[in-house]
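Colleague: Fold the following.
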Amino acid sequence: MCLGIPGQIIEITDEAKLMAMAEVSGVRREVNVACVATGPLEGLVGEWALIHVGFAMSLIDEEEAAKTLEALRGLGEAQETLEAMADGRSALEGTQ
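Modeller: Residues are numbered from 1 along each chain as shown. Sure, this is the predicted structure:
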């Protein structure tokens, strides 16, 4: 099953490669924003997006993001995904 998790874009990390840092429930991950970039990338900072396998797939509003995260937590799927993201980040940083 494909699962898009709401995340907030917190900074642009590489404008040339259309990369940004997104935060999902305290976990930060670099994502590609090519699918949601319609103007200057700085305009994406603070926006919420559905994140799937390292891509910001679509923009959503904050209320929808909160509702979706709550629903996912209720299903238990978000926690598994967040743990996998954290494990992946730890492996990249060599702290595992």
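
Colleague: only C-alpha atoms for contact and neighbour calcs from this point on.
Modeller: Noted.

Colleague: In terms of helices and strands, where is residue 73?
Modeller: helix 62-75 (DSSP states H and E).

Colleague: Which positions within that helix qualify as buried?
Modeller: By neighbour count with 16 or more other C-alpha atoms under 10 Å, helix 62-75 contains the buried residues 62, 65, 68, 69, 72.

Colleague: again, but for stretch 16-29
Modeller: 18, 19, 20, 21, 22, 23, 24, 28, 29.

Colleague: Give me the distance from that stretch to the chain's centre.
Modeller: Relative to the mean C-alpha coordinate of its chain, stretch 16-29 is positioned 6 Å out (C-alpha atoms, centre = their mean, to the nearest Å).

Colleague: what's the model's confidence in it, averaged?
Modeller: The pLDDT scores in stretch 16-29 average 93.

Colleague: now do the same end-to-end measure for it.
Modeller: 18 Å (C-alpha to C-alpha, to the nearest Å).

Colleague: and if you look at stretch 6-21?
Modeller: With C-alpha to C-alpha as the measure, what separates the two termini of stretch 6-21 is 13 Å.

Colleague: those helices in the protein, which residues are they?
Modeller: 62-75, 77-93 (DSSP state H).
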